[in-house]
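> take a look and give me a structure for this.
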Amino acid sequence: MKKFLLAGASALLLAAPGVALADEGMWLPSQTAAIADQMKAAGLELDAKTLGDLQRPPLTAIASLGGCSAAFLSPQGLVATNHHCVAGSLQYNSTPENDYLVNGFLAKTLGDELPAAPGSRVYVIEDLRDVTKDMLKGADKLDGRARYDRLQANRTALIAACEKQANRRCDVRAYFGGQQYWLQQQLEIQDVRLVYAPAAGVGNFGGEKDNWQWPRHTGDFSFYRAYVAPDGSSAPFSKDNVPFKPKAWLPIAKEGVKEGDFVMVAGFPGTTERLRTAEEARFYYEELYPYQQKMLTDYADRIVELTGTDQAAVIAYAATLRGTDNYKKKIAGQLQGADAISLVAKKQAEEGAFRAWIKADPKREAQYGPALAELDRLVAEANATSLADAKTGLLGRAQLFSAARSLYRWSMEQAKPDAQREPGFQARDKAFMTQRMQVIERRYVPAIDQALFADAIAEYRTLPADQRIKSFDAFMEGRDLASLYATTELGNTAKRLEWMNKTPADFKASNDPFIQLVVATTDEAMAAEAADKERAGTLQKARSAVMEARLAYAASQGKAMYPDANGSLRFTYGKVTGKAVDGQIWTPFTTAEGIVAKHTGRGEFDAPDKMIDLIKAKDYGRYVAPELGTLPVDYLSTVDITNGNSGSSTLNARGEFVGLAFDGTIEGVVSDWMYDPKINRTIHVDSRFMLWTMEKVDGADRLLAEMGVAGQ
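Got it, this is the predicted structure:
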């Protein structure tokens, strides 16, 4: 399908649950009681049966940034997360004269804290409740588009009822392939400010070369602060706002972790695909991922080429480039890891056993066989169009084209009652839409955007004619791309915002070339979206039935199950552990001396001079790890995480803060599809290195005092 134009279609395509092995599992808070015994055996000292209570610490201190995880570390709304999670705000506030991306930022007082990038939020978890019965009401006997529409209507009603509470952001997500639905309720804090981020030579030390690698010496940490109105309500930025007072905050451990220690992480992992079908795994790893890796590599190289030595352009595209580099390397790791563990062959063997179990019983065959056959058909159909979708999707890299699509869809949806609008285009989304239009001004250079759009069009045009977008081709026929950029007004923020208040008739009458392009292609896009929704309803029905069978199959083997990650709150645990790999021994900790060994004074390995001097003098103060005899920087553990867990606080057996999860190792990222305890490792920045950097290098004494650790 031609998904490059689809703004607002939410496919109900949920992956299946995983089967827990060793430290594997991204558990729902409600499942912690069921795994209490194994957590206690692993070393947990808290009451495991109450650990998942959202009204008690530590979960009351956990927050989301809407893409990264975070946690409160003080009673004054101080939020700890990863350095790379605040990169957009550093970029947004930077200028060539004041480059916070390179030099870091520290607010000396509350009044010096800077507004985060538009759209930044802190979401405080309040509730996660089962709404399966309400979601499936009226949908049981429906199929295709009718089923999709009923599920979407039920979801919209549940969210609307939840959001009648002021300042709440609610969502309903599918679990176990639609066997369950849970509503996640969060307090939405709109005023988010940048408090502290170390220099790039700390927060991004090693850069792309060390990304997904071990040993690692990166201080990937930073701080935001959540602000609210004086009456405690959530409000947009105002000089009158005051720091938010959370129900709980994480205590900082007086002693750091050591090898073998129990650790746990609570956060918001994005998406895993652990029990998709074997055929889906084969397609992704043999066809889709190799193509995406090539396109991302070309895209990153092109951004570097186009920005060149223009510092303003480098800053404008810094966040885009970093995200692209990170994802392309992740795909490379997934491909490498899949080969290392024979992923596709293992998937085929596991699925073969599952299918044999169904066929072994005529009743099971009658109950689940038709759904399995239907799922196979739908997967084959989706695979057949996915590469074309990837190529048409490249066109969305053009920021003005993408903005015009969103603005026109916004105008179309506003003509409907709010409850009937597509997700992302309701009244609850207006602030986000506005901020999306605003942030472009700091991340857009016309000549660069034009060049990237030209590259995307060239790649798109390698598609066969029957897979291309006829209306797009017709509009672009004989047109000079440069003329679109020369005559559009959408490069101006005020003009973009004006279009949020205009009608579809205004768009159709517009002479702006990007708006004309979107108007010309929307009918074809909407037809493609309708087909996607038809397939989504059919696929949800088939996959949920197959997931019912997989749950029954796992139960017959006495295995614990957890749902695939889907952006909702999860809990995972493991141990601080190194590993042996290819004749090497990976010790679980890196130390400060490794920073000096890697330091070159330029490029990705340019630590601050003050830090280097302190390390050479072994001025570590109270932050020395007794077992190491020096200052730890990063450590490895077996906790099970994925994208979205970035910024998740790492807790010890007593629920105390001991660092931040920020990365995995390159061969272990295949865990999105299959967890393997032999290769899966998470990298954490050690709390002792964080505190040492704050005290000794950057002089963040105000923050240390606020967290209750100054002078300990």
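
> doesn't R193 belong to a strand?
Yes: assessed with DSSP: H, G, I helix; E, B strand; the rest coil, R193 lies in a strand.

> shift numbering so it begins at 585
Okay, using 585 as the starting number, the last item reads as R777.

> that one: what's it in contact with?
Residues near R777 by Cβ atoms under 8 Å, 6 or more residues apart in numbering: A691, E697, L698, P699, A700, Y808, R809, Y811, F821. C-beta: built from backbone N, CA, C; applies to glycine.

> mind redoing it with 6 Å?
Neighbouring residues of R777 by Cβ atoms under 6 Å, 6 or more residues apart in numbering: E697, P699, R809.

> start and end of stretch 1211-1221, how far apart?
17 Å (Cα to Cα, to the nearest Å).

> what pLDDT, on average, does it get?
Averaging pLDDT along stretch 1211-1221 gives 98.

> between the contacts of R777, which is nearest R640?
R809 (23.7 Å; Cβ to Cβ).

> and the end-to-end length of stretch 615-623?
12 Å.

> could you list the buried residues of that stretch?
Q615, T616, A617, I619, A620, Q622, M623 (16 or more other Cβ atoms under 10 Å).

> one more: stretch 1004-1016?
R1005, E1006, P1007, G1008, F1009, Q1010, R1012, D1013.

> stretch 690-699 now?
Applying 16+ other Cβ under 10 Å to stretch 690-699 flags L690, A691, E697, P699 as buried.

> any idea which helix or strand comes after the top helix by length along the chain?
Scanning the chain for the helix with the most residues, using DSSP state H, yields helix 1097-1140. On the C-terminal side of helix 1097-1140, the nearest following helix or strand under DSSP states H and E is strand 1145-1146.

> sheet-wise, list the partners of that following strand with their directions.
strand 602-603 (antiparallel) (DSSP bridges).

> let me have the contacts of R777 in a markdown table, adding secondary structure and distance to A1138 as columns.
Output for these, formatted as a markdown table (DSSP: H, G, I helix; E, B strand; the rest coil; distance: Cβ to Cβ, whole Å):
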| residue | secondary structure | distance to A1138 |
| --- | --- | --- |
| E697 | coil | 49 |
| P699 | strand | 48 |
| R809 | strand | 44 |
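
> before we move on, which element is A1078 in?
Assigned by DSSP H and E, A1078 falls in helix 1077-1082.

> where does the protein have low pLDDT?
The model of the chain has pLDDT under 70 over residues 585-606, 1295-1296.

> show me the two of the buried residues of stretch 1004-1016 that sit farthest apart.
E1006 and R1012 (12.2 Å).

> what's the overlap in contacts for these two?
Listed as contacting both E1006 and R1012 by Cβ under 6 Å, 6+ apart is no residue at all.

> so which of the buried residues of stretch 615-623 would you say is closest to L635?
Of those, the one sitting nearest to L635 (Cβ to Cβ) turns out to be T616, at 4.6 Å.

> how about the nearest residue to I1169, chain neighbours excluded?
G1162 (6.9 Å; Cβ to Cβ, 6 or more residues apart in numbering).

> for the longest helix of the chain, which helices and strands make contact with it?
helix 728-746, helix 946-977, helix 983-998, helix 1054-1060, helix 1088-1093 (3 or more Cβ pairs under 6 Å, 6 or more residues apart in numbering; DSSP states H and E).

> next one: the last one to chain centre, how far?
Right, the one you point to is helix 1088-1093. Mean-position distance between helix 1088-1093 and its chain equals 35 Å (Cα atoms, centre = their mean, to the nearest Å).

> residues making contact with that helix?
Y992, S995, M996, I1099, V1103.

> distance check, the residue nearest to I1169 against Y1219.
9 Å (Cβ to Cβ, to the nearest Å).

> how about the helices in the stretch 735-884 of the chain?
Ranges of helices within the stretch 735-884 of the chain are 784-787, 791-794, 862-867, 873-891, based on DSSP state H, counting those that start in this stretch.

> let me have those in CSV, adding distance to M1084 as columns.
Output for the helices of the stretch 735-884 of the chain, formatted as CSV (distance: least, Cβ to Cβ, whole Å):
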stretch, distance to M1084
helix 784-787, 35
helix 791-794, 37
helix 862-867, 38
helix 873-891, 29
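
> for K1117, find the nearest of these.
helix 862-867 (20.2 Å).

> contacting residues for the residue sitting furthest away from the middle of the chain?
Distance from the C-alpha centroid of the chain peaks at P946, with 42.7 Å (Cα atoms, centre = their mean). P946 sits next to no residue when contact means Cβ under 6 Å, 6+ apart.

> so which of the buried residues of stretch 690-699 comes closest to M1278?
Nearest member of the buried residues of stretch 690-699 to M1278, counting by Cβ to Cβ, is L690, at 8.9 Å.

> which residues touch the closest one?
For L690, counting by Cβ under 6 Å, 6+ apart, the contacting residues are Y780, D1282, A1284.

> most surrounded residue in these?
In terms of neighbours by other Cβ atoms under 10 Å, the contacts of L690 top out with A1284 at 24 neighbours.

> and the strands in the stretch 585-734 of the chain, which stretches?
Ranges of strands in the stretch 585-734 of the chain, per DSSP state E, counting those that start in this stretch, are 602-603, 646-648, 653-656, 662-665, 689-690, 698-699, 706-714.

> so which of those strands gets nearest A1115?
Per Cβ to Cβ, nearest to A1115 of the strands of the stretch 585-734 of the chain: strand 602-603, 30.9 Å.

> returning to that earlier point: export the buried residues of stretch 1004-1016 to CSV and tack on distance to S1094 and secondary structure?
Listed next are these as CSV, based on distance: Cβ to Cβ, whole Å; DSSP: H, G, I helix; E, B strand; the rest coil:
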residue, distance to S1094, secondary structure
R1005, 22, coil
E1006, 22, coil
P1007, 26, coil
G1008, 22, coil
F1009, 19, coil
Q1010, 24, coil
R1012, 27, helix
D1013, 23, helix
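
> roughly how far does the nearest residue in space to R1127 that is not next to it in sequence sit from A1129?
Once flanking residues are discounted, R1127 sits nearest to G761: 4.4 Å by Cβ to Cβ, 6+ apart. Using Cβ to Cβ, G761 is found at 8 Å from A1129.

> between those two, tell me which one has more neighbours.
Applying other Cβ under 10 Å to G761 and A1129 shows that G761 carries more neighbours, namely 28 against 19.

> dump the residue contacts of the residue lying closest to R1005 once chain neighbours are set aside.
The spatially closest residue to R1005, leaving aside those adjacent along the chain, is E997, at 4.2 Å (Cβ to Cβ, 6+ apart). If a contact means Cβ under 6 Å, 6+ apart, then E997 has R1005, E1006, F1009 as its contacts.
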